[in-house]
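**Q** what shape does this take:
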Amino acid sequence: MDKQKPHSRKKKSLGIGGLAVIVGGSVAVVALIAALTYLQIGRQYKEVFFPNTIINGMDVSKKSIDEVKKMVSAGIDGYQLRIKERGDNTEIIKGSEIGMEAVFDGSVEKLLEEQKPLQWGKHIRNFQTFDIGTLVEYNQDQFDKAVSKLSCFLEDNIREPKNAGISQYESGKGYHIEAADEGNRPDPEKVRTLISSAIMELKPEVSLEEGDAYVKPQVTSDDPDLVSQVQALNRFVNVKVTYKFGDKKEILNGDTISKWVGIGEDGKAYVGSSEVTAYVKDLASRYDTVSRAKVLNTSYGKTVKITGGSYGWKIDQSAEADALAEIIRSGESQERVPVFKQKAASFGENDYGNTYVEVNLTAQHLYFYKDGKLVVDTDFVSGNESKGWSTPAGVYSLTYKQKDATLKGEDYRTPVAYWMPFNGNIGFHDATWRKQFGGSIFKTSGSHGCVNLPPAMAKTLFENIPAKVPVLCYHLPGTESKTTSSGTVKNQNPDTTPTTGTTTTAAPTTTASTTAAPTTAAPTTAAPTTAAPTTAAPTTAAPTTEATTPAPKDGPGGDNPQEEAGPGVSQSTGKKKKGPGMK
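**A** Just a heads-up that it's a prediction; the model follows:
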């Protein structure tokens, strides 16, 4: 028999198509299994809540209705809420105190019924929260009573909140913001709401601090208005104003300014005007010299105290107060002199400096010192004493000077070459109608109040005296003179050159003090460049030349009083007439 050949059993390839069928089938099977598993899991959520479900603050994930009720009931039994307060104080409210009980009205069941089981996958990572408000109840009256009895509401235990504010002024440092004090006064409404919410959620603890249940300060340290106020006040008190009165200084700084500043009803920082005004008034009381007596070491070697007159320093209090207040508001420190209504020659004990006119009304003699040197030394005739027109004593300043003026009075109109008023309409001027000066002429035949000068002396004075120069008029008993002069000394020795331009009436032989002319600076206003005559009186002591012309018995003018008629000399012996400057 022939042997049969065995058949070959080679495997047949599935090919790409067959492989795809297999893979596709596997995926379908997996998908089917996954779907069945998802559905199977979803079925349980017909009876329990989805994952991450919160009801009234309780986590009821995968809990059934009965389990949720048991949770609520268990939470109520023996429930107490711990209340944490400021100052590490803790208080307790028990559920039994407030009639607390569980209440089930079908709300939980309704929530579960509305749940769609096949959507459980959406809640694996997403929370859902419900507040149905009916799982727990308490008696409202018992609750209010329990809350009101908390010790945090006792007035003895309460510290009121305090707003942030501005500190007291500290010398050299100024002001700063004082932080607010939170205090511990609870807000009753907020406390009740916070505790009620905690009870309804069966929380074991609640913090009044974290629950923002305290009354807060209305102003904190970072309040923009408060910050602005402190900055403004510090700008004021950081000012330093140095007033200079010659060698003396007055320093105004924050230690004083702090008493003047404050915060107004509009919330703005202010500088008190009344306080500034009072300060300037005090400066004036100490540095104004216009109403103070002047002490003069006269050319006679005696010291006189002169009262009256209008000369001296006088602060313009209103203008200076305004300026000072503005300086303080600006915050700019500075050195300054006050605003003056009236100025004098110098600061110090005597304010008239060393350029001044010395007018001895008793001796009827005048000295003009310029920069401490004697320039004019002459007799004069002052106001008529018998008619009540006496030239007033006092210290004044030369108002101005005018050449070729006309003096007008009630019964006269007289031209003069040199007019130099110093007290209203009272002034120095030449008196060409007079032939004699000095002595006692003024007692019966004096002027209407002006100081009549020999023409040559009036010219010298006019050419050397600037406006504002002090004029010191005084009486000095014991210096009366019984002689007069013409204003020109005639040399008794023919071999000697005549000395013109000086008076013949001498001052008392007492040697004048070497400090007669003060050594303080003369006024800064320059005198005219015309020099005094080289034959002027000595520049130190009062002259010692004796008078040579006795006063006539019949009064000024000798035998013909009409020669003396002019401004300041009345031709009538009856009614008193008013002269320049006299009332």
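
**Q** can we go C-alpha only for contacts and neighbour counts from here?
**A** Fine.

**Q** point out where this protein drops to low pLDDT.
**A** 1-26, 35, 40, 42, 133-134, 488-583 (pLDDT under 70).

**Q** quick check: domain ranges of it?
**A** Using automatic domain parsing, the domains assigned to the chain come out as 30-157, 165-223, 225-293+313-342, 356-564.

**Q** can you say which of the ones you listed is packed in most?
**A** Of the domains of the chain, the one with the most neighbours on average (mean count of other CA atoms under 10 Å) is domain 356-564, at a mean of 20.

**Q** circling back to that earlier point, which of the domains of the chain sits closest to K305?
**A** domain 225-293+313-342 (6.1 Å; CA to CA).

**Q** end to end on that closest one, go ahead and measure it.
**A** 44 Å (CA to CA, to the nearest Å).

**Q** again, but for stretch 46-64
**A** Start-to-end, stretch 46-64 (CA to CA) is 9 Å.

**Q** what comes into contact with it?
**A** Stretch 46-64 is contacted by residues 45, 65, 68, 112-113, 115-117, 120, 123-133, 135, 200-202 when judged by CA atoms under 8 Å, 6 or more residues apart in numbering.

**Q** check stretch 129-145 too.
**A** Residues outside stretch 129-145 that contact it (CA under 8 Å, 6+ apart): 53-57, 72, 97-105, 107, 192, 200.

**Q** picking that back up, give me the subset of the contacts of stretch 46-64 lying in strands.
**A** In strands, defined here by DSSP state E, the members of those are 128-130.

**Q** for those, which one is nearest D288?
**A** Closest to D288 out of the ones in strands among the contacts of stretch 46-64 is T129 (85.4 Å), distances taken as CA to CA.

**Q** quick one: the strands in the stretch 1-150 of the chain?
**A** 53-55, 58-59, 80-85, 89-94, 101-102, 128-130, 136-137 (DSSP state E, counting those that start in this stretch).

**Q** would CSV of these with distance to Y300 be doable?
**A** Shown next, in CSV, are the strands of the stretch 1-150 of the chain (distance: least, CA to CA, whole Å):
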stretch, distance to Y300
strand 53-55, 115
strand 58-59, 114
strand 80-85, 93
strand 89-94, 93
strand 101-102, 117
strand 128-130, 113
strand 136-137, 114
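
**Q** nearest to D255, of those strands?
**A** Proximity to D255 (CA to CA) singles out strand 80-85 among the strands of the stretch 1-150 of the chain, at 44.1 Å.

**Q** adjacent strands (with direction) for that closest one?
**A** Here strand 80-85 is paired, per DSSP bridges, with strand 89-94 (antiparallel), strand 205-207 (parallel).

**Q** how about the first one as PDB, C-alpha atoms only?
**A** In this case it means strand 89-94. Extracted C-alpha coordinates of strand 89-94, given in PDB (Å, rounded to 0.1, in the frame of the first residue of the first chain):
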ATOM      1  CA  ASN A  89     -12.800  83.900  77.800                       C
ATOM      2  CA  THR A  90     -15.100  81.000  77.000                       C
ATOM      3  CA  GLU A  91     -18.800  80.500  77.700                       C
ATOM      4  CA  ILE A  92     -21.200  77.600  77.100                       C
ATOM      5  CA  ILE A  93     -24.800  77.400  75.900                       C
ATOM      6  CA  LYS A  94     -26.500  74.000  76.300                       C
END
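
**Q** how far does stretch 236-245 sit from the chain's center?
**A** 10 Å (CA atoms, centre = their mean, to the nearest Å).

**Q** repeat for stretch 228-248
**A** 7 Å.

**Q** what do you get for stretch 399-415?
**A** Per CA atoms, centre = their mean, the displacement of stretch 399-415 from the mean C-alpha position of its chain is 50 Å.

**Q** what is the end-to-end distance of that stretch?
**A** Its first and final residues considered, stretch 399-415 spans 19 Å by CA to CA.

**Q** helices of the stretch 201-350 of the chain, start to end?
**A** Listed in chain order, the helices of the stretch 201-350 of the chain (DSSP state H, counting those that start in this stretch) span 224-237, 254-257, 273-287, 317-330.

**Q** the domains of the chain into CSV, with extra columns for distance to V304?
**A** CSV is the format used below for the domains of the chain (distance: least, CA to CA, whole Å):
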stretch, distance to V304
domain 30-157, 76
domain 165-223, 46
domain 225-293+313-342, 10
domain 356-564, 7
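
**Q** of the helices of the stretch 201-350 of the chain, which approaches R434 most closely?
**A** helix 273-287 (42.9 Å).

**Q** which strands or helices does that closest one pack on?
**A** Counting contacts by 3 or more CA pairs under 8 Å, 6 or more residues apart in numbering; DSSP states H and E, helix 273-287 is packed against strand 314-315, helix 317-330.

**Q** now do that helix against helix 317-330, angle only.
**A** On the basis of axes from the mean of the first three to the mean of the last three CA atoms, to 10 degrees, helix 273-287 is oriented at 120 degrees to helix 317-330.

**Q** quick one, what contacts S151?
**A** Taking CA under 8 Å, 6+ apart as the test, what S151 contacts is 91, 157.

**Q** how close does it sit to I83?
**A** Separation of S151 from I83 (CA to CA) stands at 11 Å.

**Q** what residues are shared contacts of the two?
**A** E91.

**Q** all strands of the stretch 251-400 of the chain, in order?
**A** For the stretch 251-400 of the chain, the strands defined by DSSP E, counting those that start in this stretch cover 261-263, 269-271, 294-297, 303-306, 314-315, 334-336, 340-342, 356-360, 365-370, 373-379, 394-397.

**Q** among those, which comes closest to I251?
**A** Checking these against I251 by CA to CA gives strand 334-336 as the closest, at 9.1 Å.

**Q** just checking: what are the partner strands of that closest one?
**A** strand 241-245 (parallel).

**Q** what does the strand it pairs with rub up against?
**A** 249-253, 287, 333-338, 347.

**Q** same question for stretch 185-205.
**A** The contact list for stretch 185-205 (CA under 8 Å, 6+ apart) reads 56-58, 75-76, 79-84, 133, 135-137, 144, 147, 152-153, 158-161, 206, 208, 211-215.

**Q** next up, the contacts around A321.
**A** 273, 276-277, 280.

**Q** distance to L407 for these - can I get that in JSON lines?
**A** Compiled in JSON lines, the contacts of A321 are given as follows (distance: CA to CA, whole Å):
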{"residue": "S273", "distance to L407": "47"}
{"residue": "V276", "distance to L407": "46"}
{"residue": "T277", "distance to L407": "43"}
{"residue": "V280", "distance to L407": "41"}
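
**Q** from those, which is closest to V395?
**A** Closest approach to V395 among the contacts of A321 (CA to CA): V280, at 24.7 Å.
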